[in-house]
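In: Sequence and predicted model, in that order:
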Amino acid sequence: MNAAFRATPAVSVEIEGVNLSYGDNHVLKDVSLAISPGEFFAFLGPSGCGKTTLLRLIAGFNQADTGRVLIGGSDISRLPPWKRDVGMVFQSYALWPHMTVAANVAFGLEEKGVPRAEIARRVEEALAMVGLAHLAGRRPSQLSGGQQQRVAVARTIAVEPKVLLLDEPLSNLDAKMRVQVRRELRDLQQRLGLTTIFVTHDQEEANTICDRIAVMNDGTVQQVGTPMELYERPANLFVANFLGTANILDGRLVGSGGERAFVLGDGLSLPVPAGAVLPAQPKLLFRPQHAALEPAGAVAGEAPVLPATVARYEFLGATIRYGVAVGGAEIAVDVPFRSGRDLYAVGTPVGLRLAAPALCWMER
Ligand SMILES: Nc1ncnc2c1ncn2[C@@H]1O[C@H](COP(=O)(O)OP(=O)(O)OP(=O)(O)O)[C@@H](O)[C@H]1O
């Protein structure tokens with residue numbers, strides 16, 4: 001670890017009541033977020049939800065109509081990009097093709113008027129950080145996609161920004177490379193302790209490398225939390241569906257007190273666990289791994305069991321994902337794969353056992 005890159009303490013980033021429109025397209029709608037010093041934070045959401053617009057706003061390439069951006073507690077909303085101490089890695093990397101790797105990394109430092117000897121030292125350190133010191137003399141066209149991505153990161157950290165912004169930095173890499181580079185990015189961010197914001201529409205990417213995620217939809221922040229919090233306790237159906245596969249059953253609540261039941265479309269009734277807090281018009285949500293299949297007619301134990309029929313299955317290696325018809329809906333159930341002999345064929349009547357503690361009741 002090189003001490004030179006740790007000279008400045010990590011800073012917070014706050015976004016307060018930001019609204020931004022392109023013409024009559026209201027792209028960011030009252031967005032507020034607080035990102036802690038040293039945090040690896042993701043903006044996650046579908047295409048067009050405003051992630052990149054928000055990132056560019058922090059970088060200073062976009063201006064908000066209302067609201068402010070604070071870095072380390074200081075309002076930087078009116079500062080131009082080059083005075084904000086933020087470094088941005090673009091989706092395209094934006095490397096100069098006619099320059100060597102070292103010259104690409106040096107470029108930003110030369111622009112800033114950093115003395116020559118200092119530039120040489122910082123370029124060497126930045127390339128060592130990303131494991132590319134041995135390729136300093138090559139041109140970008142002589143590098144793999146993953147190596148080009150690392151040059152783009154090295155160029156950004158060489159200027160020692162207070163905040164690192166990454167705009168879908170893995171999207172140009174093949175699947176295997178993406179997994180490798182995302183680990184490298186995480187390791188590098190940990191070593192630098194640098195507040196980092198990562199834009200992606202890929203939930204697996206966000207889940208695997210980020211400390212916390214802001215899930216965005218249509219210009220609004222839907223929920224902020226750790227990957228596990230969002231997965232286990234989604235605030236709404238959008239978040240539940242966006243992070244992993246969610247089974248959502250429609251029904252109506254009958255009874256009262258300890259005698260409540262959730263009645264599904266075709267009249268199947270599911271006892272509601274005593275003490276469960278339900279909204280007035282609930283939907284039932286659970287993940288595919290929180291249900292199990294058993295032979296039809298097995299005696300019910302603690303957990304509720306519903307009669308179901310196997311509609312399809314997909315063999316995924318470690319698991320089999322069944323689609324079972326129950327209560328007028330098709331439910332995904334993940335069963336660990338042990339042997340093909342245990343397979344429930346399509347059309348087999350089965351019991352669907354739900355793990356009561358993992359049931360999540362949501363507002364319709
Ligand atoms: N310069 C611009 N001028 C006009 N409209 C824009 C501009 N940039 C983005 N938009 C619009 O703003 C909305 C949000 O775009 P943005 O690029 O922030 O979304 P995103 O969530 O990053 O999407 P993606 O994952 O596809 O990059 C979209 O409707 C887009 O068409």
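Out: Structure's in. What do you need?
In: Output the set of residues of the chain in proximity to the ligand.
Out: Neighbours of the ligand within the chain, by C-beta under 6 Å from any ligand atom: 22, 25, 27, 45, 47-53, 201. Where you see a C-beta, it was placed from the backbone N, CA and C, and this is true even at glycine.
In: List only buried entries from those residues.
Out: Neighbour counting by 16 or more other C-beta atoms under 10 Å classes 27, 45, 49-53, 201 among the residues of the chain next to the ligand as buried.
In: So for the chain, the centremost residue is which one?
Out: The structure's the chain has its C-alpha centroid closest to residue 206; by C-alpha atoms, centre = their mean the separation is 2.8 Å.
In: Give the bridge partners for the residue nearest to that one when sequence neighbours are not counted, please.
Out: In this structure, residue 206 finds its nearest non-sequential neighbour in residue 42, 4.0 Å apart by C-beta to C-beta, 6 or more residues apart in numbering. Beta-bridge partners for residue 42, by DSSP bridges, are residue 198, residue 213.
In: Would you mind confirming that residue 42 makes contact with residue 202?
Out: No: with contact defined as C-beta atoms under 8 Å, residue 42 does not count as touching residue 202 (9.6 Å).
In: more crowded one of these two?
Out: For residue 42 versus residue 202, neighbours defined as other C-beta atoms under 10 Å are more numerous around residue 42 (26 against 15).
In: between residue 42 and residue 202, what contacts are shared?
Out: Here residue 42 and residue 202 share no contacting residue, scored by C-beta atoms under 8 Å, 6 or more residues apart in numbering.
In: What's the separation between residue 336 and the ligand?
Out: Plainly put, residue 336 is 34 Å away from the ligand if you go by C-beta to the nearest ligand atom, to the nearest Å.
In: And residue 189, by the same measure?
Out: Noted for residue 189: a distance of 21 Å to the ligand, by C-beta to the nearest ligand atom.
In: Is that residue within a helix or a strand, and which one?
Out: For residue 189, the host element (DSSP states H and E) is helix 175-192.
In: Filter the residues of the chain next to the ligand down to the ones in strands?
Out: When DSSP state E is applied, those are split such that 22, 25, 27 fall in strands.
In: Let's have the residues you listed in TSV, adding pLDDT.
Out: As requested, those are arranged in TSV below (pLDDT from 0 to 100):
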residue	pLDDT
22	95
25	95
27	97
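In: Let me have these in JSON lines, adding distance to residue 161 as columns.
Out: As requested, those are arranged in JSON lines below (distance: C-beta to C-beta, whole Å):
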{"residue": "22", "distance to residue 161": "27"}
{"residue": "25", "distance to residue 161": "30"}
{"residue": "27", "distance to residue 161": "25"}
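In: Tell me which stretches of the stretch 51-200 of the chain form helices.
Out: For the stretch 51-200 of the chain, helices defined by DSSP state H, counting those that start in this stretch occupy the ranges 51-59, 101-111, 116-129, 145-158, 175-192.
In: Mean pLDDT for these - can I get that in a markdown table?
Out: Formatted as a markdown table, those follow (pLDDT from 0 to 100):
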| stretch | mean pLDDT |
| --- | --- |
| helix 51-59 | 96 |
| helix 101-111 | 93 |
| helix 116-129 | 91 |
| helix 145-158 | 90 |
| helix 175-192 | 87 |
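In: How many residues are close by the residue of the stretch 251-364 of the chain found nearest the ligand?
Out: With C-beta to the nearest ligand atom, the shortest gap between the stretch 251-364 of the chain and the ligand falls at residue 362, namely 24.6 Å. Here the number of neighbours of residue 362 (other C-beta under 10 Å) works out to 19.
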